[in-house]
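1. Provide a 3D model corresponding to the input given below.
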Amino acid sequence: MSRLLIVDDDMEVLSLLKKFFVQHAYEVDVSPDGVAMWAAIAQQRPDTIILDVMLPGEGGLSLCQKIRAQMGIPIIMLTAMAELSDRIVGLELGADDYLTKPFAPRELLARVRAVQRRAGEQPSPASERPRPVIVFAGWHLDITCRELRSPEQVMIPLSAGEFDLLVVFLDHPQRILTREQLIDLTRGEGHDAFDRSIDVQVSRLRRKIEPDSKRPDLIRTVRNGGYMFTAKVSRS
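-> So this is what the prediction gives:
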C-alpha cells in the first residue's frame, strides 16, 4: 500500500481526505503543521506528501524547499491562492504538482496517482522492462535506478518532474519540442497545466546539467518554438 502524508491545519480537510484515501487503499498519516510533519516523516517515510501552503508556523513553501533538499518524495502543493506567481514559486522550490482549493478529492487522487507513476512508485508493465543507461555530453542517466551522474561521477538528485523532462529531451534529441508537446509527453494529454510550469522545470533542470545555466547550451530556447536538446545521445 502506498503511504500518504497530508499536511494541513484544517482539521475538517484532514479528516475528509484521510477517509477518502483510506477508501482507495492508501495508508494515510496527517499533520497540522511542519513540526508534526517532520516527526511523521522520521517515524515512517511517506511515498507522497500533500502539503498546504498556508500553515501555522513555518509555511508550506519553506517546508517544500527543505523536503526537496533532503529527499525526492513527490510533493503536491495545496493552496487557496489562485495566483499564477504562487504556483510558479511552488514549482521553483521543488513541488511536483499544484492544486488550488476548493478541489474535488477525486482530482487530488488523480494527481497523486500521476506523480507516483512518474516517480516510479506504481510502474506500468512497459516501465518495468529494463532500459539502458543514456549518455550525453559526459553525463550518465540510469533509467532503471533513476540516477543521474555528472561527467565527474557526482550523483545529481532529480525531482520526479525533472527526471521526466530530461528523459523526454533524451528521447527526442536535436528536435524542437513545443511547450504543449512537453506537457503532453511528461504529464499526459489533457493535463491541466500552464505553459510556465514547463519553463520552470526547464530552468531547474538547466541549473543542474548546464555549465552556465544563464547561457544554456544543452537545452536551448527556440524563439516562438519551444526548446531543443542539442547534445548527441547514446545508450549503453
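2. Tell me where this structure is predicted with low confidence.
-> Along the chain, the model assigns pLDDT under 70 to residues 81-87, 120-131, 188-196.
3. which residues touch the most centrally placed residue in the chain?
-> The centroid of the chain falls nearest to Asp96 when counting by CA atoms, centre = their mean (2.8 Å). Neighbouring residues of Asp96 by CB atoms under 8 Å, 6 or more residues apart in numbering: 74-76, 115, 118-119, 159-161. C-beta coordinates here come from the backbone N, C-alpha and C atoms, glycine included.
4. Same check on Leu99?
-> When contacts are taken as CB under 8 Å, 6+ apart, Leu99 is in contact with 76-79, 107-108, 111.
5. Tell me the secondary structure of it, please.
-> State at Leu99, reduced to three classes by DSSP: H, G, I helix; E, B strand; the rest coil: strand.
6. in the sheet, who's paired with it?
-> With DSSP bridges as the criterion, Leu99 is bridged to Leu78.
7. circling back to that earlier point, which of the contacts of Leu99 are buried, as a PyMOL select command?
-> Applying 16 or more other CB atoms under 10 Å to these, the buried members can be selected in PyMOL as follows:
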select buried, resi 76+77+78+79+108+111
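8. From the contacts of Leu99, pick the one nearest Pro32.
-> Distance to Pro32, by CB to CB, is smallest for Leu78 among the contacts of Leu99, at 13.6 Å.
9. Verify the contact between that closest one and Asp97 for me.
-> No - using CB atoms under 8 Å, Leu78 makes no contact with Asp97, being 10.1 Å away.
10. Please enumerate the strands of the protein.
-> 3-7, 27-31, 48-52, 75-79, 97-100, 133-136, 139-142, 147-149, 155-156, 176-177, 219-222, 226-229, 233-235 (DSSP state E).
11. out of these, which comes closest to Leu14?
-> Closest of the strands of the chain to Leu14 is strand 27-31, at 4.4 Å (criterion: CB to CB).
12. Report the buried residues of the closest one.
-> 28-31.
13. Spatially nearest residue to Val233 (excluding sequence neighbours)?
-> Nearest residue to Val233, sequence neighbours excluded (CB to CB, 6 or more residues apart in numbering): Pro173, at 4.5 Å.
14. Was I right to think that neighbour contacts Ala231?
-> Yes - between Pro173 and Ala231 there is a contact under CB under 8 Å: 6.6 Å.
15. And the two? Which one has more around it.
-> Set side by side, Pro173 and Ala231 show more neighbours around Ala231, with 18 against 15, by other CB atoms under 10 Å.
16. Let me see the contact set for that one.
-> Each residue near Ala231 by CB under 8 Å, 6+ apart is listed here: 136-137, 173, 218.
17. before we move on, the earlier item: any idea how far Phe20 is from the residue nearest to Val233?
-> Going from Pro173 to Phe20 by CB to CB, to the nearest Å gives 42 Å.
18. Ok, Ser2 next?
-> Distance of Ser2 to Phe20, given as CB to CB: 14 Å.
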